[in-house]
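**Q** Next come a sequence and a model predicted from it.
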Amino acid sequence: IDAGAGDDTIAFASNVSLSDSLNGGDGNDTLTATIDDGSAAQRIGTLTGVENATYSFDQTAGSLDATGSVTTITTLNVEADDTLHIINLSSDQTVKITEPSAIDYATTTLDYANDATANVEFGSAHDTGNVVITDAQTVNFTNKTADTTLGTVVLDATADSSGAGGTDTVNITAGSSGGGFITGTFAAAEAETITLTTSDTNAHISIANIISVQDLNTLTITAGGGGDTANDSDISTGTVGASNAGDEVETISVTAADGADVTLGALTLTGSSSTSYTFDANTTGSIITVGAIANTTGSLTQLTASA
């Protein structure tokens with residue numbers, strides 16, 4: 001198929017095959033297709049000149065191969081037990097996970113090129129099931145429009161002896177009004193930097209427990225409502241480092257503004273030679289609550305708390 005000039009929409013329905021060839025040509029083109037074969041690495045054989053794709057997943061096994069020109073991939077699921085599994089994703093691609101009505105995904109697995117950046121955006125209110133991200137060096141989670149509930153989140157932990165591989169950087173942002181981000185247990189064993197940010201009305205983040213932080217250097221948490229003082233853009237976590245202690249933590253920076261609160265569970269940081277822990281509740285109504293910080297065999301140069 002050669003779509004030629006113009007902004008085209010090309011509907012493949014369930015007819016996705018390696019024998020297919022699609023050239024979107026000029027313009028901003030969109031491909032729609034249903035992924036339902038149940039086999040591994042389903043894709044259009046040759047895909048060029050198409051910028052956007054909406055894939056409806058109607059399978060409980062198998063995967064979609066993201067190889068091709070598409071830079072924005074929007075996903076839907078058909079039934080509640082359908083699984084979302086995409087392989088060969090690249091740094092140039094954004095995955096937008098949405099769902100029709102109240103139908104939840106069973107599980108979500110996104111596999112990236114080695115050391116790529118994963119840009120994952122959650123759209124409508126839904127439950128993604130357990131989430132696994134593999135091979136991405138940086139993971140950026142952004143939430144839009146409504147609360148998203150994730151099950152257990154596991155990021156890549158396959159660093160080699162030189163330290164290469166694994167997810168080094170994690171950014172979670174709730175920056176749209178009403179768009180909360182809620183997860184179960186969060187495992188980022190190779191992460192050196194974790195940043196949690198809220199920046200709009202009722203754009204909250206809640207993480208059950210961050211269990212493995214043995215490589216963590218920097219934890220930055222910034223809660224705010226973008227100037228709105230409705231006190232509903234909070235950030236909370238359960239325990240941090242309960243399974244694998246953070247013995248390399250250098251800095252912790254926590255800021256609460258616009259009436260938003262930050263609540264951290266107990267932090268196990270045994271052995272860390274830390275430079276600074278900073279806690280700043282800088283707006284009336286904002287409260288920072290921190291559980292016990294366990295660092296019995298390490299050190300801390302500076303602790304700053306202000307309100």
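**A** Everything's here; your move.
**Q** which residues of the stretch 151-300 of the chain fall in helices?
**A** For the stretch 151-300 of the chain, applying DSSP state H, counting those that start in this stretch gives no helices.
**Q** Who are the contact partners of Thr71?
**A** Contact analysis of Thr71 by C-beta atoms under 8 Å, 6 or more residues apart in numbering lists Glu51, Asn52, Asp92, Gln93, Thr94. All C-beta atoms are positioned from the backbone trio N, CA, C, and that covers glycine.
**Q** Surely Ala208 and Gly184 touch.
**A** Yes - using C-beta atoms under 8 Å, Ala208 makes contact with Gly184 at a distance of 4.8 Å.
**Q** Which of those two has more residues huddled nearby?
**A** Ala208 (19 against 16; other C-beta atoms under 10 Å).
**Q** Let me see the contact set for the more buried one.
**A** Thr183, Gly184, Thr185, Phe186, Thr237, Gly238.
**Q** beta partners of the first one?
**A** Bridge pairing for Thr183 (DSSP bridges) gives the partners Ile207.
**Q** give me the number of residues near it?
**A** Neighbour count for Thr183, taken as other C-beta under 10 Å: 22.
**Q** That one reaches Leu150, doesn't it?
**A** Yes - if you go by C-beta under 8 Å, Thr183 and Leu150 touch, sitting 4.3 Å apart.
**Q** tell me the phi and psi of Thr34?
**A** phi -110, psi 130 (degrees, to the nearest 10).
**Q** so where's the protein uncertain?
**A** Filtered on pLDDT under 70, the chain yields the residue ranges 101, 124-125, 160-164.
**Q** Filter the contacts of Thr71 down to the buried ones, PyMOL style.
**A** Buried residues within the contacts of Thr71, by 16 or more other C-beta atoms under 10 Å, are selected in PyMOL with:
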select buried, resi 52+93+94
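**Q** among the contacts of Thr71, which are in strands?
**A** Counted as lying in strands by DSSP state E, out of the contacts of Thr71, are Asn52, Thr94.
**Q** Looking at the contacts of Thr71, spot the one nearest Ala13.
**A** Taking C-beta to C-beta as the measure, Ala13 lies nearest Asn52 of the contacts of Thr71, at 16.9 Å.
**Q** Contacts only, for Lys96.
**A** Thr72, Ile73, Thr74, Thr75, Glu121, Phe122, Gly123.
**Q** Could you look up the SS state of it?
**A** strand (DSSP: H, G, I helix; E, B strand; the rest coil).
**Q** ok so, going back, so for Ala208 and Gly184, which residues contact both of them?
**A** With contacts defined as C-beta under 8 Å, 6+ apart, no residue is shared by Ala208 and Gly184.
**Q** For the closest residue to Asp36 other than its chain neighbours, grab the count of nearby residues.
**A** Sequence neighbours aside, Asp58 is the residue nearest to Asp36 in space, at 4.0 Å (criterion: C-beta to C-beta, 6 or more residues apart in numbering). A count of nearby residues for Asp58, using other C-beta under 10 Å, gives 16.
**Q** Make sure Asp58 is actually in contact with Asp82.
**A** Yes - checked against C-beta under 8 Å, the pair Asp58 and Asp82 is within contact range at 6.0 Å.
**Q** what's downstream of the helix or strand harbouring Ser56, the next helix or strand?
**A** In the assignment (DSSP states H and E), Ser56 maps to strand 52-57. Counting by DSSP H and E, the next helix or strand C-terminal to strand 52-57 is strand 64-65.
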